[in-house]
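Visitor: prediction below, plus the sequence it came from.
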Amino acid sequence: HFRAAGVPEDAMWGPYSTDDQGSLLTVFGTEQGLRYRIPFRPVEDVIDYLREHATKDGERLGTMGDDGEKFGAWPSTGALCWGEGRWVERFFEALESNADWLTTITPANWLATHRPLGRVYVPVGSYAEMGAWALPTEESRAFTETFERDLAEGRPEPRWMRGASWRNFQVKYREVNDIHKRMLRVSARVAALPAGPAQAVALDHLLRGQSNDIYWHGLFGGIYLPDLRLATVGHLIAAEDAADAAGGTFDRGELADLDLDGHDEVLLASAGQVVTVDLAEGAGIGDWDIRAARHAMTSVMRRRPEAYHDKLARHGGPDGDAQTGEGSGVTSIHGIVRSKEAGLADRLRYDDHERRSGLIRFLPADVTSADYGAGEIPDLGSALEAGHAVIELSPGRVVTEATASVRAAHGECPVLIQKSIELGGDRLAPTLMLRVSIRNAGEVPLRARLGIEWALMMLGGGGNPSAWYDVTGRRTAHDAPGSSTNVEA
């Protein structure tokens, strides 16, 4: 952050003052060299680094604050810090043995006898890795390669290199933006409630739904982790449910720009569920919330390429575990490449569209379920992402229509599509009915396999006997592939 503000390299050892709207703030910056060394490099390396940057007048201050997980929770750090490595103990022993020139002090005590080094205005940003992660995949690859190359060559450019703002995660991941905009909508509803017990309950859930882990993705799972995603979104569902209950109304049918992209979506609500429909992209169901269970039924991630997939392919050995680095045997967490299972790189698959539900697809007549599941079958037409117009909207029900085209043997064939989505049932047994009507508006027959794509999140898996789905009376494990034919609605 200090580098981004133009602070010289040799002037980073101490706090700076800044201000905003008349208020003063003193900022202590985590020194990057210490952040990368503690506890990933030998203790002697840390002491030598501090000695290298110390001055005879003793006026330099090095600060380091970082994730507590680095001291035991991250891979290999348990043994390093507290086991046979004894890193933490040896570090404090080293501080004591070098007390003739090295002193520890709290920030408050430092400020009691020292002034800030100067004034600084820090731009919006985060640490270097976060900026790279927030970039689009191809840009992230290029940025990381250039940054690491220039750093290895000792070039000055890395000092000024910045990736994207953290807000770009809302561009990179449609799923992050949807949750973020849902949180803002729910926040407005909770804020409109009168003070009292109902508002307190709703506010508690709202704040829990703002836990930041799922609003980004980098080295760790973030938005990709279904348990974190569903736990956080579950609190947003509960907050909205509490706000609707306090307001005395559940049934809604609204047309509004829910994701703030400049295009209207549809929001349907009842006592048992909330559903959003993206009109601009095939009238697909984006959110399907089951209120009583606080479950986000369609919280499924699109399979998309990530820059670190390249590292997985390069370093992933037959044991499914690769680690780079040197020195203490435990590198900075940013240099570790790990996978949960062998051959994971060979199973990477990517989707060419967002994973919404109720999407209409026209596929080759001979397509198999295995081909479909692998995401390797291109759609024959434009229905998947065709823009829909609303022709009927009422609480709990919407009817849309669109015109699309399908590639036929004799050229493009126009088709007219009408979709009806209707909420039913009650709070404890909600139902959702999708009706689709398709008419060939061309002059030649159209032969294709019609697909109605659903992307549903039920958790479970991992061999859990309680996680299964039932089609035509046959149970199949939730995490196992399967297919059924001649299924009646």
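Guide: Cool, got the structure.

Visitor: could I get the full set of strands for the stretch 201-350 of the chain?
Guide: Along the stretch 201-350 of the chain, counting by DSSP state E, counting those that start in this stretch, strands occupy 252-256, 265-269, 273-278, 284-290, 295-296, 321-323, 336-338.

Visitor: least confident of those, on average?
Guide: Lowest mean pLDDT within the strands of the stretch 201-350 of the chain: strand 321-323, at a mean of 39.

Visitor: out of the strands of the stretch 201-350 of the chain, which gets nearest to residue 180?
Guide: strand 284-290 (12.6 Å; C-beta to C-beta). Placement of C-beta: from N, CA and C, glycine included.

Visitor: what residues does the closest one touch?
Guide: Contacts to strand 284-290, defined as C-beta atoms under 8 Å, 6 or more residues apart in numbering, come from residues 178, 182, 233, 237, 240, 259, 265, 272-278, 295-299, 354, 356-359, 421, 430, 432.

Visitor: if we can go back for a sec, take the strands of the stretch 201-350 of the chain and lay them out in a markdown table including mean neighbour count and distance to residue 223.
Guide: Output for the strands of the stretch 201-350 of the chain, formatted as a markdown table (neighbours: other C-beta atoms under 10 Å; distance: least, C-beta to C-beta, whole Å):
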| stretch | mean neighbour count | distance to residue 223 |
| --- | --- | --- |
| strand 252-256 | 15 | 24 |
| strand 265-269 | 23 | 20 |
| strand 273-278 | 25 | 18 |
| strand 284-290 | 24 | 15 |
| strand 295-296 | 20 | 12 |
| strand 321-323 | 15 | 24 |
| strand 336-338 | 17 | 19 |
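
Visitor: possible to save those as CSV with distance to residue 58?
Guide: Output for these, formatted as CSV (distance: least, C-beta to C-beta, whole Å):
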stretch, distance to residue 58
strand 252-256, 61
strand 265-269, 61
strand 273-278, 60
strand 284-290, 58
strand 295-296, 55
strand 321-323, 39
strand 336-338, 36
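
Visitor: looking at those strands, which is closest to residue 460?
Guide: The closest of those to residue 460 is strand 295-296. By C-beta to C-beta, the value is 12.0 Å.

Visitor: ok, and what's touching the closest one?
Guide: Outside of strand 295-296, the residues within contact range by C-beta under 8 Å, 6+ apart are 229, 230, 233, 234, 237, 287, 288, 289, 457.

Visitor: quick one: strands adjacent to that strand?
Guide: Using DSSP bridges, strand 295-296 pairs in its sheet with strand 284-290 (antiparallel).

Visitor: and the angle for the strand it pairs with with strand 265-269?
Guide: On the basis of axes from the mean of the first three to the mean of the last three C-alpha atoms, to 10 degrees, strand 284-290 is oriented at 20 degrees to strand 265-269.

Visitor: mind exporting strand 284-290 as PDB, just the C-alpha atoms?
Guide: The C-alpha coordinates for strand 284-290 follow below in PDB (Å, rounded to 0.1, in the frame of the first residue of the first chain):
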ATOM      1  CA  GLY A 284     -32.600 -18.800 -16.500                       C
ATOM      2  CA  ILE A 285     -33.200 -19.200 -12.800                       C
ATOM      3  CA  GLY A 286     -30.300 -17.500 -11.000                       C
ATOM      4  CA  ASP A 287     -31.400 -17.900  -7.300                       C
ATOM      5  CA  TRP A 288     -33.800 -20.300  -5.900                       C
ATOM      6  CA  ASP A 289     -34.000 -19.900  -2.100                       C
ATOM      7  CA  ILE A 290     -35.800 -22.400   0.100                       C
END
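
Visitor: residue 47 and residue 449, how far apart?
Guide: Remark: distance between residue 47 and residue 449 (C-beta to C-beta, to the nearest Å) = 68 Å.

Visitor: where does pLDDT dip in the protein?
Guide: Segments of the chain classed as low confidence (criterion: pLDDT under 70) are 315-340, 461, 489.

Visitor: okay, buried residues for the longest strand anywhere in it please.
Guide: Scanning the chain for the strand with the most residues, using DSSP state E, yields strand 411-425. For strand 411-425, a neighbour-count test (16 or more other C-beta atoms under 10 Å) marks 413, 415, 417, 418, 419, 420, 421, 422, 423 as buried.

Visitor: what about the helices in the stretch 151-300 of the chain?
Guide: Assigned by DSSP state H, counting those that start in this stretch, the helices in the stretch 151-300 of the chain fall at 169-172, 174-191, 197-208, 226-247.

Visitor: wait, which of these is closest to residue 76?
Guide: Nearest to residue 76, of those and by C-beta to C-beta, is helix 226-247 at 22.9 Å.

Visitor: got the angle for the closest one vs helix 174-191?
Guide: On the basis of the same axes, to 10 degrees, helix 226-247 is oriented at 30 degrees to helix 174-191.

Visitor: now render the helices of the stretch 151-300 of the chain as a markdown table, adding mean neighbour count.
Guide: What follows is the helices of the stretch 151-300 of the chain, written out as a markdown table (neighbours: other C-beta atoms under 10 Å):
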| stretch | mean neighbour count |
| --- | --- |
| helix 169-172 | 20 |
| helix 174-191 | 19 |
| helix 197-208 | 17 |
| helix 226-247 | 20 |
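
Visitor: any chance of those in TSV, with distance to residue 118 too?
Guide: Output for the helices of the stretch 151-300 of the chain, formatted as TSV (distance: least, C-beta to C-beta, whole Å):
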stretch	distance to residue 118
helix 169-172	33
helix 174-191	36
helix 197-208	37
helix 226-247	40
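
Visitor: which among these is found nearest to residue 309?
Guide: Taking the helices of the stretch 151-300 of the chain one by one with C-beta to C-beta, helix 169-172 is closest: 14.5 Å.

Visitor: what's in contact with that closest one?
Guide: Contact partners of helix 169-172, identified using C-beta under 8 Å, 6+ apart, comprise 133, 134, 135, 136, 137, 176, 177, 180, 215, 216, 217, 223.

Visitor: try stretch 380-390
Guide: 255, 266, 279-283, 353, 359-364, 398-407, 415, 417, 419, 448.
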